[in-house]
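S.K.: how would this look folded up:
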Amino acid sequence: MAESITLIDIDSKIPNLALMKLSAYFKKKGFKVTLCREVIPNDANYYFASTVFNTEKSNMLAEFLRYRYGDALDIGGSGFSLEKRLPDEIEQCFPDYELYQHDKYAIGFLTRGCDRKCPFCLVPKKEGPKRVVGSFTDFVPDGQRNIMLLDDNLLSFPEAKCFLAEISKKNYAVNFSQSLDIQYLDEETYSWLKKIDSRNSKFTKKMYYFSCNSTRTIDEFMERKAFLKGFGKDAVTVIVMYGFNTHLSEDYKIMRMLRYLGLVPFFQQYQPIIGVDARVPEDFFDFDLNKVIRLTFRSNGINWEKYLRWLNKLYFATFGRYYYPLLEIIYRYNNKQAINRYLKNGHLLTNELYKKFNG
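M.R.: Sure thing, here's the model as predicted:
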């Protein structure tokens, strides 16, 4: 009877590439391979777990798995260690998409690494030297058109234009999941990107992704506004991280730039990486809050509301009270009754505050 391997996906949002390569490797060796995300059997010979995110929930589950399986468990992933790597013989395996019963898109890397060295990013430490690591044939099944690229900063490589040309020639639909670097968007790169069917993560509509996590990048966006407009209406999403080290005034400058250029915002709260906690300044509220909360965007309103809710919690933590105009914006569709329920259920709410808001 063949020995068995259980692969445990702790927190991946998409099919886990490392686990799919482990599955391919062990199946070739004759092992029976099982994927688990919730109920985990107790009868395998070996267990491999992967955790992508360094969150309290993921860390608790990883700790439980180590307690339960002891030496029979091997755990990795960027949520566990930034140094641990798959052995080369496993890294080079073609992903086993059947592990997830997944056929919506291929997943993989052409390049790894980034020269930016942003303080909030795990890439420099996790990925090592910047390098080309493979080609589409290493992870794209025959007949698959949709491709999710996990490359950290594809456009920064001299080979980038060759990759873009290949994408265009083979008529791939590509999701640049880690976004593109605006500083490398020149005339030639823009021309190639325009020829590419760049998609959102669900591959349901055309979308180009860029990132803006610092006010220093605003000028780079403004200088390339003609290119960004040329991609089409609502075809450019800009990922903006909050909750790391910016002041409110800096967040506002980035938001105003997005509105001016008509770009689709995607606000993403900082998720701590190993050894790097959030550094939100004590004087975060250095700007007129009313100007911020009354910003509107033509699309992605639900995502904008996540930022407002984070702002609400931070305001209370800073000043010990709620800012009622902010609550009115958050609950603008449910109005006073919903605000009242929120205030009544707030475990930190004092009677004085409740009376003030319900005068």
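S.K.: May I have the residues that are in contact with Ala49?
M.R.: Leu7, Ile8, Asp9, Ile10, Ala62, Leu65, Leu73, Asp74, Ile75, Gly76, Gly77 (C-beta atoms under 8 Å, 6 or more residues apart in numbering). Backbone N, C-alpha and C define where each C-beta goes, glycine included.
S.K.: repeat that with 10 Å
M.R.: Contacts here follow C-beta atoms under 10 Å, 6 or more residues apart in numbering; on that basis Ala49 touches 6-10, 19, 36, 40, 61-62, 65-66, 69, 73-77, 80.
S.K.: Derive a PyMOL selection command for the buried subset of the residues you listed.
M.R.: Selecting only the buried entries of these in PyMOL, with 16 or more other C-beta atoms under 10 Å as the criterion:
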select buried, resi 6+7+8+9+10+19+40+61+62+65+69+73+75+76+77+80
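S.K.: taking the contacts of Ala49 one by one, which sit in strands?
M.R.: Among these, the members falling in strands are Thr6, Leu7, Ile8, Asp9, Cys36, Leu73, Asp74, Ile75, Gly76 (criterion: DSSP state E).
S.K.: And the third one, what's its pLDDT?
M.R.: Spelled out, it's Ile8. For Ile8, the pLDDT comes out at 96.
S.K.: If you count neighbours, what's buried in the lengthiest helix in the chain?
M.R.: When the chain is scanned for its longest helix (criterion: DSSP state H), the result is helix 301-319. Of the residues in helix 301-319, those with enough neighbours to count as buried (16+ other C-beta under 10 Å) are Asn303, Trp304, Tyr307, Leu308, Leu311, Asn312, Leu314, Tyr315, Phe316.
S.K.: Name the nearest residue to the fourth one, ignoring sequence neighbours.
M.R.: Distances taken as C-beta to C-beta, 6 or more residues apart in numbering put Ile330 closest to Leu308, at 5.3 Å, once the chain neighbours are dropped.
S.K.: Kindly report the same for the last one.
M.R.: For Phe316, the nearest residue in space outside its immediate sequence neighbours is Tyr322; the separation is 5.7 Å by C-beta to C-beta, 6+ apart.
S.K.: Cys212 against Leu180, yeah?
M.R.: No: assessed by C-beta atoms under 10 Å, Cys212 is found out of contact with Leu180, at 11.5 Å.
S.K.: ok, back up a step: would you point out the most distant pair within the ones in strands among the contacts of Ala49?
M.R.: Largest separation among these by C-beta to C-beta: Cys36 and Gly76, giving 15.8 Å.
S.K.: Report the contact partners of the spatially closest residue to Leu155 that is not a sequence neighbour.
M.R.: Nearest in space to Leu155, with sequence neighbours left out and distances taken as C-beta to C-beta, 6+ apart, is Tyr184 at 3.7 Å. The contact partners of Tyr184, by C-beta under 10 Å, 6+ apart, come to Asn153, Leu154, Leu155, Ser156, Phe157, Ala160, Glu220.
S.K.: Just the buried ones from those residues?
M.R.: Restricting the contacts of Tyr184 to buried positions leaves Asn153, Leu154, Leu155, Ser156, Phe157, Ala160, with burial counted as 16+ other C-beta under 10 Å.
S.K.: ok, those residues vs Arg298, which is closest?
M.R.: Arg298 has its nearest neighbour among the buried ones among the contacts of Tyr184 in Leu155, at 26.8 Å by C-beta to C-beta.
S.K.: What segments of this structure are helices?
M.R.: 17-28, 56-69, 88-91, 123-127, 160-169, 187-195, 218-223, 225-230, 248-261, 289-293, 301-319, 324-330, 335-345, 351-358.
S.K.: which intervals of this structure have sub-threshold pLDDT?
M.R.: Counting by pLDDT under 70, the chain shows low-confidence ranges at 1, 39, 300-301, 333-337, 344-359.
S.K.: Just give the nearest non-adjacent residue to the residue nearest in space to the middle of it, would you?
M.R.: Against the mean C-alpha coordinate of the chain, by C-alpha atoms, centre = their mean, the closest residue is Gln178 at 7.0 Å. Using C-beta to C-beta, 6+ apart and skipping the chain neighbours, the partner closest in space to Gln178 is Asp152 (5.5 Å).
S.K.: which ones are touching Tyr105?
M.R.: By C-beta under 10 Å, 6+ apart, Tyr105 lies in contact with 14-15, 97, 140, 144-149, 172-175, 199, 201-203.
S.K.: do Asp152 as well
M.R.: With contacts taken as C-beta under 10 Å, 6+ apart, Asp152 has the following neighbours: 109, 111-116, 121-124, 126-127, 130, 178-179, 181.
S.K.: how about a cut-off of 7 Å?
M.R.: The neighbours of Asp152, taking C-beta atoms under 7 Å, 6 or more residues apart in numbering as the test, are Arg112, Gly113, Cys114, Val123, Glu127, Gln178.
S.K.: Quick check, the fifth one in contact with Arg112.
M.R.: Yes: under the criterion of C-beta atoms under 7 Å, Glu127 makes contact with Arg112 at 4.5 Å.
S.K.: about what we covered before: could the buried ones among the contacts of Tyr184 be laid out in CSV, adding distance to Tyr208?
M.R.: Rendered in CSV, the data for the buried ones among the contacts of Tyr184 read as follows (distance: C-beta to C-beta, whole Å):
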residue, distance to Tyr208
Asn153, 15
Leu154, 12
Leu155, 11
Ser156, 16
Phe157, 18
Ala160, 14
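S.K.: Name the nearest of these relative to Arg224.
M.R.: Closest to Arg224 out of these is Leu155 (12.3 Å), distances taken as C-beta to C-beta.
S.K.: Tell me how many other residues crowd the closest residue to Pro281 other than its chain neighbours.
M.R.: Using C-beta to C-beta, 6+ apart and skipping residues adjacent in sequence, the residue nearest Pro281 is His247, 5.7 Å away. When neighbours are defined as other C-beta atoms under 10 Å, His247 has 16 of them.
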